[in-house]
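In: the following block contains a protein sequence and its predicted model.
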Amino acid sequence: MKDSTTDLSTELEDLIFRALHGLADESEGALLARHLAASSQAREIFSEHAMLHGLLASEAKAGAFAADREAFFAALENPPSAPSPIIVSTRRWWWLSAAAAMVIGLLSLTLLLLPQNASAALDQLIAALDRPVDCNYVIRVLDPGADRQGGNPVEKPEHGRFPPAAFLDGARLYLRGDSQYVLEQSLPDGATRMLGSDGQISWCIRGDGPVRTSADPYHFGAGVLAGRQDTPFLELRTQLEDLRRFYQLEWFTPPTDPATPARLKGLRGSRHSTAQGGPREIELWFDPANARIHRLVLNGLPRAAGGPASIALELSSSGPLAADFFHHQAHHEPSRRIEVEATTHSR
Amino acid sequence: MPAIESITQQRGDNPSQLEFTRLFVSSQAAFQGFLLTLVHDRHAADDLVQELAGRLWLKFGDYERSRPFVAWGLGFARLLAFEWRRNQARLPVPLDDATLQALADVAAESSLGSDERQEALGHCLQQLTDHQRQSLHARYYRDQSVAEIARQTQRTETAVYKVLKRAHLILLDCVRKTLESPTPL
């Protein structure tokens, strides 16, 4: 005679396992929900499975299931990058036209064509951020993210401190090096909000209100993406370093842009399953001649607090801006009231 | 980026930051397990752990040192998980509020013992076969779906599913017995 308790337990464990691995269909999910509602024992079993599921992910991160743990850690320290068709073809071209290349600019070409893996290319891009070059980007919200009903978000035109993230679409971002920025954004009420930092002092000007300043360079950047603490595109160096450390990189060929003669290279990073936070995927288009980023796409942004699921930065121009452009004084009349905000444990 | 780094590196080294880092890192497995129990999705739980780090850091000034950090943090984690569930268009396991609260209570209790559970798991991993280890590596480290593992290893999805489930149940059973055993590890 079959033991009905065992049958129930087996069925429950199967449901739990399927749910935790994203395999449960709607009816299985509903059945599991009924079990959890009806039985404290079911809740305990579920909790046990979920805890183990989480611990297995942690153990995997530590290489517990790798066939050769020594090789596993060596690979983490020196991540292999697949030899890409781009690099191979570039190198072939290099040998075939070496003389011409030397004439037209050996230095600029060696900047990024010679590194044979993606990680080295990222090093070059990060190093290029040390140069105080001005770039002007337009922000595009590619995917505003679904609301709780599953449709497009219907964000209220609130007048709160942080405007709905959908209003990032069309915003302009000016960057100088890696520590100075100005973000200009239209608000739901028609006013303009400007956030900026000159590398020492960050500031925020909203409409004709007071100028708020802070000694924390990213104080006002928090909340740009729906209350998130960090804003990846304002902290480009951190974003690129994360891309190198926590993402699986691959080369790709960006589509030709008729607006620019640059031969752009593409790097795509998929976040390692073990890394926490950050966009699920990052796409980077850059000009190898000067390590300038032409397009940065952040897909699968964390949406615990809402905000867009995917955004892009598109290079609009790279002409030099006024020397004081990143100081707040350049963006308001001298008589405007200035409020200094505390930075400790508050945003 | 890892939750703790992204939150604290903007503020420079200071004793408060170091203390927070130490406490959060030692509690991260508990938070992860707790959130996973309530949201049922590993990637969502990862994102929420990052969000939790931010919220706890902002409130760290209010933290009373006499209270266990995990217990303090679980209160925030509970609110975060509920908030996340409210914002989802569709939940694979739809739970009413009472069930969710009851599940959170159980998860909180289990989370407080996550250190012992993790230690037990470390011993239990020795019971796995190479085949099971490979499957777990593909699923949890490479983040491959059952279908992707099946395609790559030229097996059926059912076969892969069974290997993973078998490994999971072996480990669950071993951890249960280890925790119930009066003999120290």
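Out: Sure thing, it's come through. Numbering: from 1, shown residues only, chains lettered A, B, ... in the order given.

In: which parts of stretch A:283-300 are buried?
Out: Within stretch A:283-300, the residues scored as buried using 16 or more other C-beta atoms under 10 Å in any protein chain shown are A:283-289, A:291-300. (Each C-beta comes from the backbone N, C-alpha and C, glycine too.)

In: er, stretch B:92-105 I mean
Out: Taking 16+ other C-beta under 10 Å as the basis for neighbour counts, the residues of stretch B:92-105 that come out buried are B:92-95, B:99-100, B:102-104.

In: pretty sure A:F65 contacts B:D130?
Out: No: assessed by C-beta atoms under 8 Å, A:F65 is found out of contact with B:D130, at 9.7 Å.

In: look at the two and report which has more neighbours.
Out: Taking other C-beta atoms under 10 Å in any protein chain shown, A:F65 and B:D130 do not tie; A:F65 has more neighbours (24 against 9).

In: phi, psi of the more buried one?
Out: phi -110, psi 0 (degrees, to the nearest 10).

In: leaving out chain neighbours, which residue sits closest to it?
Out: Among residues not flanking A:F65 along the chain, B:H137 sits closest, at 3.7 Å (C-beta to C-beta, 6 or more residues apart in numbering or on different chains).

In: wait, the one you found touches A:A60, no?
Out: Yes: counting by C-beta under 8 Å, B:H137 does reach A:A60; the two are 6.4 Å apart.

In: wouldn't B:K59 be in contact with B:F76 here?
Out: Yes: counting by C-beta under 8 Å, B:K59 does reach B:F76; the two are 7.3 Å apart.

In: looking at these two, which one has more neighbours?
Out: Between B:K59 and B:F76, counting by other C-beta under 10 Å, B:F76 is the more crowded of the two (16 against 13).

In: need the pLDDT of that one.
Out: On pLDDT, B:F76 comes in at 95.

In: residue contacts, it?
Out: Going by C-beta atoms under 8 Å, 6 or more residues apart in numbering or on different chains, B:F76 touches B:52, B:55-56, B:59.

In: domain map for chain B?
Out: Under the assignment named as automatic domain parsing, the residue ranges that make up the domains of chain B are B:1-112, B:114-185.

In: and for chain A?
Out: Following the assignment in automatic domain parsing, chain A carries domains at A:4-70, A:123-340.

In: measure A:M51 to chain B for me?
Out: For A:M51, the distance to chain B (C-beta to the nearest C-beta, to the nearest Å) stands at 4 Å.

In: in this structure that residue contacts B:S110, no?
Out: Yes: assessed by C-beta under 8 Å, A:M51 is found in contact with B:S110 at 5.4 Å.

In: between these two, which is the more surrounded one?
Out: Looking at A:M51 and B:S110 with other C-beta under 10 Å, you find the greater number of neighbours at A:M51, namely 27 against 19.

In: quick one, phi psi at the more buried one?
Out: phi -60, psi -40.

In: find the residue closest to it in space, skipping its chain neighbours.
Out: Nearest non-adjacent residue to A:M51 (C-beta to C-beta, 6+ apart): B:G33, at 4.0 Å.

In: just give me the neighbour total for the one you found.
Out: Going by other C-beta under 10 Å, the residues that sit close to B:G33 add up to 27.

In: check B:K162 too.
Out: As a burial measure, the neighbour count of B:K162 was computed by other C-beta under 10 Å and equals 13.

In: just the pLDDT for it.
Out: pLDDT for B:K162: 91.

In: tell me which element it is part of?
Out: When secondary structure is defined by DSSP states H and E, B:K162 falls within helix B:157-180.

In: what does that helix contact?
Out: If you take C-beta under 8 Å, 6+ apart as the criterion, helix B:157-180 is touched by A:13-14, A:17, A:21, A:23, A:48-49, A:52-53, A:56, B:113, B:116-117, B:120-121, B:123-125, B:127-128, B:131-132, B:135-136, B:139, B:146-147, B:149-150, B:153, B:185.

In: are any of these buried, and if so which?
Out: Buried subset of the contacts of helix B:157-180 (neighbour count, 16+ other C-beta under 10 Å): A:13, A:17, A:21, A:48-49, A:52-53, A:56, B:117, B:120-121, B:124-125, B:128, B:132, B:135-136, B:139, B:146, B:149-150, B:153.

In: looking at these, which are in strands?
Out: With strands defined by DSSP state E, no entry of the buried ones among the contacts of helix B:157-180 lies inside them.

In: what element comes up after whichever strand or helix holds B:G75 heading to the C-terminus?
Out: Under the criterion of DSSP H and E, B:G75 resides in helix B:69-86. Of the helices and strands lying after helix B:69-86 in sequence (DSSP H and E), the nearest is helix B:97-112.

In: now do the same for residue 65: its pLDDT.
Out: Defaulting to chain A. Turning to A:F65, the model gives it a pLDDT of 79.

In: meant chain B actually
Out: According to the per-residue confidence, B:R65 scores 87 in pLDDT.

In: number of nearby residues for it?
Out: Here the neighbour count serves as a burial measure; for B:R65 (other C-beta under 10 Å) it reads 9.

In: so it, which of the three states?
Out: coil (DSSP: H, G, I helix; E, B strand; the rest coil).

In: if I look at the most far-flung residue of chain B relative to its centre, how far off is chain A?
Out: Farthest-out residue of chain B from its mean C-alpha position, per C-alpha atoms, centre = their mean: B:Q154, at 30.5 Å. Distance of B:Q154 to chain A, computed by C-beta to the nearest C-beta: 18 Å.

In: contacts only, for the residue nearest to A:M51.
Out: With contacts defined as C-beta under 8 Å, 6+ apart, B:G33 is in contact with A:50-51, A:54-55, B:107, B:110-111, B:114.

In: in a helix, that's where it is, yeah?
Out: Yes: counting by three-state DSSP, B:G33 is located in a helix.

In: for the record, mean pLDDT for stretch B:87-96?
Out: If you average the pLDDT values across stretch B:87-96, you get 88.

In: and A:A37, which helix or strand is it part of?
Out: Secondary structure here is read from DSSP H and E; on that basis A:A37 sits in helix A:26-38.

In: which other helices and strands contact that helix?
Out: helix A:4-20, helix A:40-61, helix B:97-112 (3 or more C-beta pairs under 8 Å, 6 or more residues apart in numbering or on different chains; DSSP states H and E).

In: for PyMOL, what selects the buried ones among the contacts of B:F76?
Out: Selecting only the buried members of the contacts of B:F76 in PyMOL, with burial defined as 16+ other C-beta under 10 Å, works like this:
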select buried, chain B and resi 52+55+56
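
In: how about the contacts of B:F76 in CSV, adding secondary structure, distance to chain A and pLDDT?
Out: Converted to CSV, these look like this (DSSP: H, G, I helix; E, B strand; the rest coil; distance: C-beta to the nearest C-beta, whole Å; pLDDT from 0 to 100):
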residue, secondary structure, distance to chain A, pLDDT
B:L52, helix, 9, 89
B:R55, helix, 8, 87
B:L56, helix, 11, 89
B:K59, coil, 8, 88
